[in-house]
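# I would like the atomic coordinates for the input below:
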Amino acid sequence: MTELLTKETFLKKVFNYEENKEWKFEGDKPCIIDFYADWCGPCKMVAPILEELSDEYKGKVDIYKVDTEAEQELAAAFGIRSIPSMLFVPSDNQPQMSQGALPKHQLEEVMKDVLKVEK
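You can find the predicted model right below:
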């Protein structure tokens, strides 16, 4: 299951940008954060793919969603200008941002190359 993050849970589970200037990942496994909005067509296309991936990679990758309408401060903190935008966060490296709806095979490639995770 993908998990919806608020600013409060984001600060605990991903990155506390209020306390840290430099990137410091708070999670225990790599994650993908999907910045989306309910009215966004491409976001709706990506949602079921992310649900599938969260099942297929259960225990290896956390998949989170951030509603940019409800969490405008969080979206602004990451400079989200277009949606969907996805933040790929490896455990021990800098995160990478991707914009647009990616097909499943591309998401799996990014998981392997950036997050260093395989099924």
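
# Please count neighbours and contacts with C-alpha atoms only from this point.
Noted.

# buried ones in stretch 91-99?
Residues of stretch 91-99 classed as buried by neighbour count (16 or more other CA atoms under 10 Å): 91, 95.

# Quick check: end-to-end length of it?
End-to-end span of stretch 91-99 (CA to CA, to the nearest Å): 21 Å.

# and that stretch, average pLDDT?
The average pLDDT for stretch 91-99 rounds to 94.

# what sits up against that stretch?
If you take CA atoms under 8 Å, 6 or more residues apart in numbering as the criterion, stretch 91-99 is touched by 23, 25, 27-31, 82-89, 114-115.

# what ranges do the strands span in the protein?
Secondary structure of the chain by DSSP state E: the strands cover 3-4, 31-36, 62-67, 85-89, 96-99.

# which neighbours does the third one have in its sheet, and in what orientation?
As defined by DSSP bridges, the strand partners of strand 62-67 come to strand 3-4 (parallel), strand 31-36 (parallel).

# follow-up on the earlier one: kindly reformat the strands of the chain as CSV and extend each row with distance to residue 47.
Below are those laid out as CSV (distance: least, CA to CA, whole Å):
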stretch, distance to residue 47
strand 3-4, 12
strand 31-36, 9
strand 62-67, 9
strand 85-89, 12
strand 96-99, 14
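
# tell me the most buried of the ones you listed?
strand 31-36 (a mean of 25; mean count of other CA atoms under 10 Å).

# send the alpha carbons of it over as PDB?
Below are the C-alpha coordinates for strand 31-36, written out as PDB (Å, rounded to 0.1, in the frame of the first residue of the first chain):
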ATOM      1  CA  CYS A  31      11.500   5.300  -1.000                       C
ATOM      2  CA  ILE A  32       9.600   7.000  -3.800                       C
ATOM      3  CA  ILE A  33       7.500  10.000  -3.100                       C
ATOM      4  CA  ASP A  34       4.800  10.800  -5.600                       C
ATOM      5  CA  PHE A  35       3.700  14.500  -5.600                       C
ATOM      6  CA  TYR A  36       0.200  14.500  -7.000                       C
END
